[in-house]
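1. build me a structure from this.
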Amino acid sequence: MNMDHVHEQAARSLMGPAPQLILALPFVCALILYVWAVIHSNRRYKKWPLYRTVSWSAGIFLAVAAVAGPIAKMAHHDFKVHMLGHLFLGMLAPLLMALAAPMTLTLRTLSRDKARMLTRLLKSSPFRVLSDPFFASILNIGGLWLLYTTPLYSAMHENMLLHIFIHLHVFLAGYLFTISLIYFDPIPHRTSHLYRAIVLLIALAAHGILSKVIYASPPEGVPVNQAEAGSMLMYYGGDAIDLIIIFILCLQWYKAARPKPAIIHL
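-> Take a look at the predicted model:
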């Protein structure tokens, strides 16, 4: 059988409903569980902020749009659209979902015993490593370097399991990276604002350099004009989202460092 025909069949199978459904289903379930948790929590405590529910829903929408539907289908043969999906799945959706404080909502919803079990898990050594900004940046930015500077990008479009794994990794690594930098949920192993700021600057530089590497040396099978357009979208689009993270981190740093008003005893 002709190898081009094999590649064409593989690409067609990846554009089918099966991989899109597998990737979209966890996000749809996450939305249903979040809404259920909000309803359940509101019966016991004060109402959960509406903007958090909206933020979670918007993040889920962007994630699903990146893995299913027109964007996901076009991404197989248009690198610029692929990069748009990368920004949605690995950067903007994780940021919006982090703003929704899902762990806080989960702790409000669980029974006392189960909440204590979850708290012990969050305090464990493995979670300390996973939530460290430097380790999270290695998983996130390092994974992108591996994807775009090796034959992995081309292989992703020919193997369904690899295709699914990489998309899940892009989201999970992006979410882990985001929550390691800005805290909206209880994080037992908190790091200093200075440490997080330094890691963020290094990650920004690595992300920017990678976009220039893609511009100069496109991934295997990507036309030059698409690589140039995609790398520019990665560079400027990534910077726009990173600016939001920088703003939030600086705001949290300012609030933490601001002198507390003195209490006057009469």
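2. right, and G143 touches F171 too?
-> No: at 11.1 Å, G143 does not count as touching F171 under the criterion of Cβ atoms under 8 Å. For the C-beta atoms, the positions are set from N, CA and C on the backbone; glycine is no exception.
3. which one's more surrounded, the two?
-> F171 (24 against 18; other Cβ atoms under 10 Å).
4. check contacts around A18.
-> A18 is in contact with M160, counting by Cβ atoms under 8 Å, 6 or more residues apart in numbering.
5. lowest-scoring secondary structure element of this protein by mean pLDDT?
-> helix 3-14 (a mean of 47; mean pLDDT, DSSP states H and E).
6. buried residues in whatever helix or strand comes next after that helix?
-> Where DSSP states H and E defines the elements, the next helix or strand beyond helix 3-14 is helix 17-44. Buried positions in helix 17-44, judged by neighbour count with 16 or more other Cβ atoms under 10 Å: P19, Q20, I22, L23, A24, F27, A30, L31, Y34, A37, V38, S41.
7. can I get those residues in a markdown table with pLDDT and distance to M232?
-> Converted to a markdown table, the buried residues of helix 17-44 look like this (pLDDT from 0 to 100; distance: Cβ to Cβ, whole Å):
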| residue | pLDDT | distance to M232 |
| --- | --- | --- |
| P19 | 83 | 28 |
| Q20 | 89 | 27 |
| I22 | 91 | 31 |
| L23 | 93 | 26 |
| A24 | 94 | 28 |
| F27 | 96 | 28 |
| A30 | 96 | 32 |
| L31 | 97 | 32 |
| Y34 | 96 | 34 |
| A37 | 94 | 40 |
| V38 | 95 | 39 |
| S41 | 89 | 43 |
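8. hmm, which two among the residues you listed are most spread apart?
-> P19 and S41 (34.0 Å; Cβ to Cβ).
9. where in the stretch 151-266 of the chain is pLDDT low?
-> Scanning the stretch 151-266 of the chain for pLDDT under 70 picks out the ranges 260-266.
10. run the last query once more with 80
-> Along the stretch 151-266 of the chain, the parts satisfying pLDDT under 80 run over 258-266.
11. now the helices: where do they sit in it?
-> Taking DSSP state H, counting those that start in this stretch as the criterion, the stretch 151-266 of the chain carries its helices at 152-156, 160-181, 193-216, 224-257.
12. quick one, which of the ones you listed is packed in tightest?
-> Per residue and on average, the most neighbours among these fall to helix 160-181, with a mean of 20 (mean count of other Cβ atoms under 10 Å).
13. returning to that earlier point: which of the helices of the stretch 151-266 of the chain sits closest to F127?
-> helix 160-181 (10.4 Å).
14. and the closest one, how far from the chain's centre?
-> 6 Å (Cα atoms, centre = their mean, to the nearest Å).
15. and it with helix 224-257, angle?
-> 30 degrees (axes from the mean of the first three to the mean of the last three Cα atoms, to 10 degrees).
16. switch to numbering from 44
-> Yep, numbering from 44; the last one is helix 203-224 now.
17. tell me the angle helix 203-224 makes with helix 236-259.
-> Using the same axes, to 10 degrees: helix 203-224 against helix 236-259 is 140 degrees.
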